[in-house]
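>>> Structure for the following, please:
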Amino acid sequence: RFLQGPETDRDTVRKIRDAIDNQTEVTVQLINYTKSGKKFWNLFHLQPMRDQKGDVQYFIGVQLDGTEHVRDAAEKEGVMLIKKTAENIDEAAKELPDANLRLEDLWANHSKVVLPKPHMKDSASWRAIQKVCEGGENIDLKHFRPVKPLGSGDTGSVHLVELLNTGEYFAMKAMDKSVMLNRNKVHRATAERQILDMLDHPFLPTLYASFQTKTHICLITDYYPGGELFLLLDRQPLKVLREDAVRFYAAEVVIALEYLHCQGIIYRDLKPENILLHRDGHISLTDFDLSCLTSCRPQVFLPEEGNKKSRRKSRSSPIFFAEPMRASNSFVGTEEYIAPEIITGAGHTSAVDWWALGILLYEMLYGYTPFRGKTRQRTFANILHKDIRFPASVSVSLPARQLIYRLLHRDPANRMGSYEGSNEIKQHPFFRGINWALVRGTAPPKMDAPLFSDDVGKGMGDAAATAAADNHTDMF
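Below is the predicted model:
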């Protein structure tokens, strides 16, 4: 509410009322009055806040007080400021539980049927899932045999499971409903399910099914017998990879991030523990509970040309640019990989993923992250202020060091990847020799300590399998 007076323009007030009636946003300038009767110019923005169904829950009003009417550039700057503020409030409010939803509605998204995407629809895994569905059944917990636990987190656990009588193995992520409610993680689980259902890429997981029990929600995705890149690093004699291996894995990560950004997804949790390896050694990014889904408007443009002589020699190809458009203010990520703008709360974009790529490159080459401190606070202080160092004791090429340096620019506007997206990273000399179109068909480099490929179910006899099945049923 604001106080009106004799000089308040009635038509402007009517615009605000019409916006409320039509559930649209509006930005206006009008004269308001303080309680003492003093008048002032008010730059006012009204924006509807919608729930997951698209229904308006309430309106956000942001005002910028001024002594006089503002014009042209000053008005545009003020409008941008109050709209940005409204968007930040909108995003923060979405972290709260949806007031319009009943308790059972919170999990409804997880009971939706998952449909196969073009890339994986003819795989043996999808054919096995589809065969169950064609029999008139919805995929549920009863269709899986537990094999062994794969890991656990703060809201649940991941299990290796077999689709009964098929020999097809999957990873099942089971999340505890009560824990997610108590920790306000319901929106994270919903976003993760939504993101997984969008993916169709060889370097990203496939969602085959999602369902719920009385106590848990479950996601069925690919199982990666190669394990974590983190473990592969740890098995190497010096805890580092040779530069050809770093180039190979980094190239696949760049392609995966490029695809995510094209879909409007900011990953926000890139680290070796979240890079899993297929049996053939290729990568897949996992864990999207910290990811942000926003909008993306792909563009194609021609690069700036040099002089006429250079133009005659070679014509540059058009550049495809696709980076998520909306900034986020959430404080998320793994502390050693968090970008400076997340720590300062200045708002962040997909540039945080390119920062994390720089940290990943450094860790693969040197065996540790560049800003790690003895405490969380010291790590954050190092990220904000410490100069990056490249120890001479480790032999790393100049192009690799230059790429890391440019990715770890503290100003996201000047960070590599912020101007032309993944394209400028792919063009960097460090990646010279990479055939980007054929990366998936490239054989992974040999390691000093080879890739460990788990034999599914090896060492688990009938008695152990029965016990695991009993525990599996009791848990969910």
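
>>> Check what contacts stretch 225-241 and list those residues.
Here stretch 225-241 makes contact (C-beta atoms under 8 Å, 6 or more residues apart in numbering) with 249, 271-279, 281, 283, 363-367, 394, 447-449, 451-456. Every C-beta, even on glycine, is put in place using the N, C-alpha and C of the backbone.

>>> Counting neighbours, which of these end up buried?
Among those, those classed as buried by 16 or more other C-beta atoms under 10 Å are 249, 271-272, 274-278, 281, 283, 363-367, 447, 451.

>>> Poorly predicted segments of this structure, please.
The model of the chain has pLDDT under 70 over residues 1-2, 50-54, 64-104, 303-316, 321, 325-329, 452-476.

>>> what about the helices in it?
Counting by DSSP state H, the chain has helices at residues 10-22, 72-94, 124-134, 177-182, 186-196, 229-235, 243-262, 308-313, 340-344, 351-366, 376-385, 398-407, 422-426, 462-475.

>>> Just give me the residue closest to the centre of the chain.
Centroid check for the chain by C-alpha atoms, centre = their mean gives residue 267 as the closest residue, at 1.9 Å.

>>> domain parsing for this protein?
Following automatic domain parsing, the chain resolves into domains at 10-94, 103-223+456-475, 229-441.

>>> Would you format the ones you listed as TSV with distance to residue 3 included?
Converted to TSV, these look like this (distance: least, C-beta to C-beta, whole Å):
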stretch	distance to residue 3
domain 10-94	4
domain 103-223+456-475	37
domain 229-441	31
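
>>> one step back: contacting residues around the residue lying closest to the residue nearest to the centre of the chain once chain neighbours are set aside?
In space, and not counting its chain neighbours, residue 267 is closest to residue 353: 5.1 Å by C-beta to C-beta, 6 or more residues apart in numbering. Shown in contact with residue 353 (C-beta under 8 Å, 6+ apart): 257, 260-261, 266-268, 270, 417.

>>> Give me the buried subset of those.
Buried by 16+ other C-beta under 10 Å: 257, 260-261, 266-268, 270, 417, out of these.

>>> Same list, those, but as JSON lines with distance to residue 151 please.
JSON lines is the format used below for the buried ones among the contacts of residue 353 (distance: C-beta to C-beta, whole Å):
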{"residue": "257", "distance to residue 151": "23"}
{"residue": "260", "distance to residue 151": "22"}
{"residue": "261", "distance to residue 151": "27"}
{"residue": "266", "distance to residue 151": "24"}
{"residue": "267", "distance to residue 151": "19"}
{"residue": "268", "distance to residue 151": "19"}
{"residue": "270", "distance to residue 151": "18"}
{"residue": "417", "distance to residue 151": "30"}
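
>>> Relative to residue 154, which of these is nearest.
residue 268 (16.3 Å; C-beta to C-beta).

>>> can you tell me which residues contact the closest one?
Residue 268 touches 290-292, 332-333, 352-353, 356, counting by C-beta under 8 Å, 6+ apart.

>>> could you redo these as JSON lines and give each row distance to residue 226?
Shown next, in JSON lines, are those (distance: C-beta to C-beta, whole Å):
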{"residue": "290", "distance to residue 226": "23"}
{"residue": "291", "distance to residue 226": "22"}
{"residue": "292", "distance to residue 226": "28"}
{"residue": "332", "distance to residue 226": "27"}
{"residue": "333", "distance to residue 226": "24"}
{"residue": "352", "distance to residue 226": "27"}
{"residue": "353", "distance to residue 226": "23"}
{"residue": "356", "distance to residue 226": "21"}
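
>>> If you rank those residues by neighbours, which is first?
For those, counting by other C-beta atoms under 10 Å, the largest number of neighbours falls to residue 353: 30 neighbours.

>>> hang on, the earlier thing: unless I'm mixing things up, the residue nearest to the centre of the chain is touching residue 288, no?
Yes: counting by C-beta atoms under 8 Å, residue 267 does reach residue 288; the two are 7.4 Å apart.

>>> Stretch 23-43: which residues count as buried?
So, applying 16+ other C-beta under 10 Å, buried residues of stretch 23-43: 26-33, 41-43.

>>> Just the C-alpha atoms of stretch 233-253, please, in CSV.
Taking Å, rounded to 0.1, in the frame of the first residue of the first chain, the C-alpha atoms of stretch 233-253 are listed here in CSV:
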residue,chain,number,x,y,z
LEU,A,233,42.1,-40.0,-9.5
ASP,A,234,42.7,-41.4,-6.0
ARG,A,235,44.0,-44.7,-7.5
GLN,A,236,46.7,-43.0,-9.6
PRO,A,237,50.2,-43.2,-8.1
LEU,A,238,50.5,-39.4,-7.7
LYS,A,239,46.7,-38.7,-7.4
VAL,A,240,46.8,-36.9,-10.7
LEU,A,241,46.1,-37.7,-14.4
ARG,A,242,48.3,-37.3,-17.4
GLU,A,243,47.4,-34.2,-19.5
ASP,A,244,46.0,-36.3,-22.3
ALA,A,245,43.5,-37.9,-19.9
VAL,A,246,42.7,-34.5,-18.4
ARG,A,247,42.0,-33.2,-21.9
PHE,A,248,39.7,-36.2,-22.6
TYR,A,249,37.6,-35.9,-19.5
ALA,A,250,37.4,-32.1,-19.6
ALA,A,251,36.2,-32.2,-23.2
GLU,A,252,33.4,-34.5,-22.3
VAL,A,253,32.5,-32.3,-19.2
